[in-house]
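Engineer: Quick one: sequence plus predicted model below, questions after.
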Amino acid sequence: MRTLAQACPLVEHVEQTCAEAPEQYEGKLIDGSVFYFRYRWGLASVGIGPDIAAAVDDSSNHEYPIGAMFDGCWRDEQQRDSVFCFLLRQAVMAYRTAR
């Protein structure tokens, strides 16, 4: 199984904290920031912050609707990885600009 750390070079460490409904991940970026990635109700979101609480709060700023309204797990790893990398790039740019 491919990991999100393998899919995106900005990720240093990742842990899946829930398998489905929601499928969610927490981890650390190479710059030391913390990220939170979640997929539930057909909505993917990513947040970044200095700690997990800040990353969860930030996740509402970087959302992407995908799938049906009640979806809570990815169709496959490719879908998960591409949406994660897309959202993470947006979140990283916003986070760096705000600092």
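Structural biologist: Yep, it's here. Note that the coordinates shown come from a computational prediction; the quantities given were computed from them, not determined experimentally.

Engineer: now the helices for this structure?
Structural biologist: Assigned by DSSP state H, the chain shows helices spanning 4-7, 52-58, 77-98.

Engineer: got TSV for those helices, with mean pLDDT too?
Structural biologist: TSV is the format used below for the helices of the chain (pLDDT from 0 to 100):
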stretch	mean pLDDT
helix 4-7	83
helix 52-58	97
helix 77-98	92
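
Engineer: right, and the ones you listed - which one's nearest Gly67?
Structural biologist: Shortest separation from Gly67 across those is recorded for helix 77-98, at 8.6 Å, computed as CB to CB. No exception for glycine: its C-beta is placed from N, CA and C like everyone else's.

Engineer: so what secondary structure elements neighbour the closest one?
Structural biologist: helix 4-7, strand 23-29, strand 34-40, strand 43-49, strand 63-65 (3 or more CB pairs under 8 Å, 6 or more residues apart in numbering; DSSP states H and E).

Engineer: Neighbours of Ser33, how many?
Structural biologist: When neighbours are counted by other CB atoms under 10 Å, Ser33 registers 21.

Engineer: Make TSV from the helices of the chain and add mean neighbour count to it.
Structural biologist: Listed next are the helices of the chain as TSV, based on neighbours: other CB atoms under 10 Å:
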stretch	mean neighbour count
helix 4-7	17
helix 52-58	17
helix 77-98	16
